[in-house]
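Colleague: From the sequence below, what's the structure:
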Amino acid sequence: MSAQAIREAMDNAAKVIAANPDKARVKNATATVIDQLTLSVAGPNGEVVETDMSKGVGGGGGVPQPGWLMRASLASCVGTVIAMRQARHRTGEAGCDCRKPVR
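Modeller: Residues are numbered from 1 along each chain as shown. Here you go, the predicted model:
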């Protein structure tokens with residue numbers, strides 16, 4: 001999507017939320033234990049993700065660990081906000097590399 005299209009979409013979303021503030025309310029995810037440390041998390045719009053812990057702590061290690069998904073979601077959120085700000089303020093095409101080493 002072009003920066004112009006992002007700006008227009010953001011403007012439209014702002015107008016919709018200003019007219020209908022309830023549309024900005026967060027809908028929660030629901031986590032269900034599948035087996036011991038394996039969970040399935042469902043979102044309000046049909047999104048589904050499974051998590052499990054590593055074998056070293058008793059999990060199966062076959063799907064992402066919840067801590068990794070948390071870090072990935074934070075990096076994605078920060079990157080998205082940066083891209084949206086770039087589009088809003090016309091500072092060039094969106095793009096960034098969000099890295100934070102885990103110690």
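
Colleague: can you pull the contacts of Glu47?
Modeller: Ala29 (CB atoms under 8 Å, 6 or more residues apart in numbering). In short, each C-beta sits where N, CA and C put it, glycine included.

Colleague: Please tell me how far it sits from Gly60.
Modeller: If you measure Glu47 against Gly60 using CB to CB, to the nearest Å, the figure is 22 Å.

Colleague: so Thr30 makes contact with Val41?
Modeller: Yes - using CB atoms under 8 Å, Thr30 is in contact with Val41, at 7.0 Å.

Colleague: Which of those two has more residues huddled nearby?
Modeller: Regarding Thr30 and Val41, a neighbour count based on other CB atoms under 10 Å identifies Val41 as having more, with 15 against 9.

Colleague: and the more buried one, that's in a strand?
Modeller: Yes - if the criterion is DSSP: H, G, I helix; E, B strand; the rest coil, then Val41 is within a strand.

Colleague: Okay, and the beta partners of it?
Modeller: Listed by DSSP bridges, the beta-bridge partners for Val41 are Ala31, Val49.

Colleague: Find the helix or strand that Ala18 is a member of.
Modeller: helix 3-19 (DSSP states H and E).

Colleague: Tell me the buried residues in that helix?
Modeller: By neighbour count, and taking 16 or more other CB atoms under 10 Å as the criterion, the buried residues in helix 3-19 are Ala3, Ile6.

Colleague: Strands along the protein, start to end?
Modeller: With DSSP state E, the ranges of strands along the chain come out as 30-35, 38-42, 48-51.

Colleague: export those to a markdown table and tack on distance to Arg90?
Modeller: Conversion of the strands of the chain to a markdown table gives the following (distance: least, CB to CB, whole Å):
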| stretch | distance to Arg90 |
| --- | --- |
| strand 30-35 | 40 |
| strand 38-42 | 37 |
| strand 48-51 | 35 |
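
Colleague: could you dump those to TSV with mean pLDDT and distance to Asp11?
Modeller: Below are those laid out as TSV (pLDDT from 0 to 100; distance: least, CB to CB, whole Å):
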stretch	mean pLDDT	distance to Asp11
strand 30-35	96	32
strand 38-42	97	31
strand 48-51	97	31
